[in-house]
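Engineer: with the sequence up front, the predicted model follows.
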Amino acid sequence: MSDVNTQPFAGYFYRDVPAEDPELTHVEPGTVCGEYLRRYWQPVAMANEVGDLPLAIRILGENLVLFRDHSGQLGLMHRHCAHRGASLEFGIVMECGIKCCYHGWHFDIDGRLIDAPAEPLGSPVRNKVVQGAYPVREEQGIVFAYMGPPDKKPDFPVFDTMCLDDTESKTFSLSMPANWLQVYENTQDPVHVLHLHALSSGVQFGAASGVEQLIEYRDTPLGMMNIQTRRVGDHLWTRTTDSILPNGNQTGAIWEEAEGKKIFQRVSMLRWMVPIDNTNTMTIGWRYFSDKLDPRGQDTPSMVGKETIDFMGQTAGRPYEEQQREPGDYEVQVSQRPIAVHALEHRVTSDRGVSKLRNLLRQRVRSHTDTGDAPMPKLNAAQQISTYCQDTVFPVGEVEDDDSLMRTFGRRVADTVIESDDQLHENRIKTIEAMCKTEFG
Ligand code: FES
Ligand SMILES: [Fe+2]
């Protein structure tokens, strides 16, 4: 720190912009982070984006084409035809696979060359050429792809929050010209909820999110969580927000007001921050709706879809003055530079979550590079992956040392959410409620 210059008007000494941190931000084929991310199923598009024409998409720096053939199978291939490189976005979707428009080479969805019509019968080309293709899976309106080494393909992950029967869902996909990591780590920066979403330009979500909070962080079997605890009237409210490594996140009820008791209320979003390339990110997932998540009827499902969602500040296109007067997540994340430069940051106590998330990712990336090992989540009795994002609101009278009560309450809710992960939904509610009654009732 000896070269730190703290004199007034010191701009002259702070002009250099060092390079970004490539270990965590670069994602193209062959990069350490890119190879780690490729070991997991990644959402690549909403199923309703795939119409009768091929869809050109870009994921992890690879130009791809996604299509549904006439027999209903989805195909995901490298965009440039293996023959002489014409784009398959101009290809002809067939009963089985896709045909390049330039010379008619016809590929099955797995990339095998079915026909090369300009070649003589018996030409060896049919056995010698494949078009690069990836396995895909359509799940609840989202197309997921596995872009890693074929012999390492994991089972498709089904998360517990995808299987709740009292909840409706809609898919969404939002893109942003910013590196994936700064979009992802925003979810472990709960301090910004108070400032950006409540104090800076007025309340953007529930008014209770503007109440000062106690924040702690904890490892979970899937990555990490932050624990936010607030006092709202006679209640304590603990929200746990989980990061599902490598790039998944869940968020509690958007408009939560903590007005009455609730135990283990699940999530308003399950989403992934998928790198399009090093400087563009797609946030894609499900927005969940239920009376419990939204008792005041503030959700607008009709606004949820491609480049649109029903809460402010997540997309491009607002008038510049409005962006300046009421900035949201989009404005802050994009304006951190195309790839945020960690070497220029002054991370402090309130950035512990961001540092923790980077450390976890760095450990995973390095371990994957060194050993080829990418940890996969364990399954519960329903063959689902238990997750850790929830809200618990419990009536507790004021006490002399309210900070200490809030801290203990938050920790105990988080402990119990983690420890109950071998149970299914209804039992986890009972376990957490029993803990609240016994220890805080
Ligand atoms: S470039 Fe595709 S068939 Fe020739
Ligand atoms: Fe935010």
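Structural biologist: Right, received. Where do you want to start? Numbering: from 1, shown residues only. Ligands and ions are numbered 1, 2, ... in the order given.
Engineer: what's the burial count for Gly372?
Structural biologist: Using other Cβ atoms under 10 Å, Gly372 has 11 other residues around it. Bear in mind the C-beta positions are built from the backbone N, C-alpha and C, glycine included.
Engineer: now swap in Gln7 and tell me
Structural biologist: Gln7 has 7 nearby residues by other Cβ under 10 Å.
Engineer: quick check: it is in a helix.
Structural biologist: No - counting by DSSP: H, G, I helix; E, B strand; the rest coil, one finds Gln7 to be coil, located in no helix.
Engineer: please list the residues of this structure that sit near ligand 1.
Structural biologist: When proximity is defined as Cβ under 6 Å from any ligand atom, the chain approaches ligand 1 at Cys81, His83, Arg84, Gly85, Ala86, Cys100, Tyr102, His103, Gly104, Trp105.
Engineer: drop anything exposed from those residues.
Structural biologist: Using 16 or more other Cβ atoms under 10 Å as the burial test, these include Cys81, His83, Ala86, Cys100, Trp105 as buried.
Engineer: looking at this protein, which helix or strand is least sure?
Structural biologist: helix 125-128 (a mean of 89; mean pLDDT, DSSP states H and E).
Engineer: list the contacts of Glu20.
Structural biologist: The neighbours of Glu20, taking Cβ atoms under 8 Å, 6 or more residues apart in numbering as the test, are Asn179, Ile339, Ala340, Val341, His342.
Engineer: among those, which ones are buried?
Structural biologist: Buried subset of the contacts of Glu20 (neighbour count, 16+ other Cβ under 10 Å): Asn179, Ile339, Ala340, His342.
Engineer: please enumerate the helices of the chain.
Structural biologist: Remark: helices assigned in the chain by DSSP state H are 22-25, 32-37, 125-128, 180-185, 191-194, 320-325, 329-334, 352-371, 402-419, 425-440.
Engineer: would you list the ones you listed in CSV and tack on distance to Ala56?
Structural biologist: What follows is these, written out as CSV (distance: least, Cβ to Cβ, whole Å):
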stretch, distance to Ala56
helix 22-25, 24
helix 32-37, 20
helix 125-128, 26
helix 180-185, 20
helix 191-194, 34
helix 320-325, 29
helix 329-334, 23
helix 352-371, 29
helix 402-419, 41
helix 425-440, 40
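Engineer: and the buried ones among the residues of the chain next to ligand 1, which two are furthest apart?
Structural biologist: Ala86 and Trp105 (9.3 Å; Cβ to Cβ).
Engineer: kindly tell me how buried the residue in the stretch 201-350 of the chain that ligand 1 sits nearest to is, as a neighbour count.
Structural biologist: Residue of the stretch 201-350 of the chain nearest ligand 1, by Cβ to the nearest ligand atom: Asp277 (24.0 Å). Residues near Asp277, counting by other Cβ under 10 Å, number 18.
Engineer: excluding sequence neighbours, find me the nearest residue to it.
Structural biologist: Gly61 (4.4 Å; Cβ to Cβ, 6 or more residues apart in numbering).
Engineer: torsion angles phi and psi at the one you found?
Structural biologist: phi 80, psi 10 (degrees, to the nearest 10).
Engineer: how about the contacts made by it?
Structural biologist: Val27, Glu28, Pro29, Gly34, Pro275, Ile276, Asp277, Asn278.
Engineer: can you put these in TSV and add distance to Ser201 and pLDDT?
Structural biologist: Putting the contacts of Gly61 into TSV (distance: Cβ to Cβ, whole Å; pLDDT from 0 to 100) gives the following:
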residue	distance to Ser201	pLDDT
Val27	32	98
Glu28	37	98
Pro29	41	98
Gly34	36	98
Pro275	29	99
Ile276	29	99
Asp277	31	98
Asn278	30	98
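Engineer: of those, just say which sits nearest to Gly297.
Structural biologist: Ranked by distance to Gly297 (Cβ to Cβ), the contacts of Gly61 are led by Ile276 at 34.4 Å.
Engineer: burial measure for the closest one, as a count.
Structural biologist: Close neighbours of Ile276, defined as other Cβ under 10 Å, add up to 20.
Engineer: spatially, which residue comes closest to it, not counting chain neighbours?
Structural biologist: Ranked by Cβ to Cβ, 6+ apart and with sequence neighbours excluded, the top spatial neighbour of Ile276 is Arg58, at 5.1 Å.
Engineer: about what we covered before: which of the buried ones among the residues of the chain next to ligand 1 fall in strands?
Structural biologist: Taking DSSP state E, every one of those sits outside strands.
Engineer: closest one of the residues you listed to Asp234?
Structural biologist: Cys81 (65.9 Å).
Engineer: so what's Asp110 closest to, chain neighbours aside?
Structural biologist: Nearest residue to Asp110 in three dimensions, chain neighbours excluded: Ala133, at 5.4 Å (Cβ to Cβ, 6+ apart).
Engineer: what distance do you get for Thr438 to Arg412?
Structural biologist: Look at Thr438 and Arg412: by Cβ to Cβ, to the nearest Å, they are 10 Å apart.
Engineer: retrieve the pLDDT associated with Ser2.
Structural biologist: For Ser2, the pLDDT comes out at 49.
Engineer: same question, Asn359
Structural biologist: Per-residue confidence (pLDDT) for Asn359: 98.
Engineer: swap in Pro124?
Structural biologist: Value listed for Pro124 in the pLDDT field: 89.
Engineer: what number of residues lie near it?
Structural biologist: By other Cβ under 10 Å, the residues close to Pro124 number 8.
Engineer: returning to what we had before: between all of the buried ones among the contacts of Glu20, which two are at the greatest distance?
Structural biologist: Spanning the widest gap among the buried ones among the contacts of Glu20 are Asn179 and His342, at 10.8 Å by Cβ to Cβ.
Engineer: is the residue of the stretch 201-350 of the chain closest to ligand 1 in contact with Leu60, as I believe?
Structural biologist: Yes - using Cβ atoms under 8 Å, Asp277 makes contact with Leu60 at a distance of 7.5 Å.
Engineer: any residues in contact with both of the two?
Structural biologist: The contact sets of Asp277 and Leu60 overlap at Val27, Glu28 (Cβ under 8 Å, 6+ apart).
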